[in-house]
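A.B. asks: curious how this folds, go ahead:
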Amino acid sequence: MSGEPRRALLASPTDEAQAAARKLHERRDWVSLAEAEMVVALGGDGFMLQVLHSMLETRRILPVFGMNLGTVGFLMNEWQEKGLDARISRAKRFSVFPLRMDAETVDGQHITLPAINEVSLLRETRQTAKLEILLNDRVVMAELVCDGVLVSTPAGSTAYNLSAQGPILPLDSRLLALTPISPFRPRRWRGAILPESAKLEIRVLDAIKRPVSVVADQREVRDVMTVKVVTDRTETLTLMFDPEHALDERITMEQFIA
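C.D. replies: A predicted model of the protein is given here:
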């Protein structure tokens with residue numbers, strides 16, 4: 001229809017998402033991603049993260065309206081075949097800022113990756129990890145003995161972070177959650193809530209004997225020595241939601257789910 005943004009349709013390879021894509025193709029015309037002004041994504045949260053990461057890599061960042069054809073679909077709207085034009089026209093937009101992870105491996109490689117949900121460090125073997133944590137170039141924990149530790153954005157705070165007993169962060173809070181995974185020493189440490197402007201550095205102590213990997217959302221780097229994490233406000237991702245199922249409301253209501 002005249003005046004509407006040109007839309008690209010992306011679907012995960014699952015049977016359900018592909019069937020839904022065929023139905024939407026019958027209802028309207030779509031343009032290629034190169035021509036689009038916004039994206040409709042069909043799949044689950046994992047597929048949404050893939051779409052957003054692809055945009056960061058190509059530096060062609062468009063608003064995304066997702067519809068859930070996966071399992072949880074926290075970052076998605078409800079799947080409905082009809083009424084899409086009206087839903088998009090009244091959708092509420094949210095800006096999401098990714099993390100930037102810079103890792104150095106034991107063999108001297110330097111790898112930079114973005115993360116929309118979280119950056120997590122995890123032990124690779126049966127032996128616990130020993131980590132030193134620096135905040136704004138100051139050592140705040142000389143030794144954390146644990147299975148790992150993660151840094152979460154507000155958008156990702158209800159994912160792995162919540163499963164690791166981390167706090168739920170309001171979407172507009174401009175905070176980060178630093179959450180230990182199965183801490184052994186100090187046993188009672190439950191993590192920290194940090195300002196979005198924080199510069200975190202995590203050093204792996206005894207990286208050869210106690211190897212650690214780092215995962216930025218879905219991408220892993222093994223055998224790291226040092227990981228630095230900051231919020232990258234130069235990149236703005238836009239997610240679109242039905243007003244009655246907006247992301248900020250979902251995040252808030254997760255606190256009341258038993």
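
A.B. asks: ok, His25 touching Ala8?
C.D. replies: No - when contacts are counted by C-beta atoms under 8 Å, His25 is not listed as touching Ala8 (11.8 Å). Using the backbone N, CA and C atoms, a C-beta is placed for each residue, glycine as well.

A.B. asks: neighbour count: the two, which is higher?
C.D. replies: Each of His25 and Ala8 has its neighbours counted (other C-beta atoms under 10 Å); Ala8 has more, 18 against 12.

A.B. asks: state whether the more buried one is indeed within a strand.
C.D. replies: Yes - according to DSSP: H, G, I helix; E, B strand; the rest coil, Ala8 belongs to a strand.

A.B. asks: any idea how many residues pack against the residue nearest to it when sequence neighbours are not counted?
C.D. replies: With C-beta to C-beta, 6 or more residues apart in numbering as the criterion, Ala8 has its nearest non-adjacent residue at 3.6 Å, and that residue is Ala36. Neighbour count of Ala36, defined by other C-beta under 10 Å: 19.

A.B. asks: quickly note the distance from Ala36 to Leu62.
C.D. replies: Relative to Leu62, Ala36 is positioned 6 Å away (C-beta to C-beta, to the nearest Å).

A.B. asks: what touches both of the two?
C.D. replies: Residues touching both Ala36 and Leu62 by C-beta atoms under 8 Å, 6 or more residues apart in numbering: Ala8.

A.B. asks: for the residue nearest the centre of the chain, which non-adjacent residue is spatially closest?
C.D. replies: Among the residues of the chain, the one closest to the centroid is Asn117, at 1.9 Å (C-alpha atoms, centre = their mean). Leaving out its chain neighbours, the residue that sits closest to Asn117 by C-beta to C-beta, 6+ apart is Gly156, at 2.9 Å.
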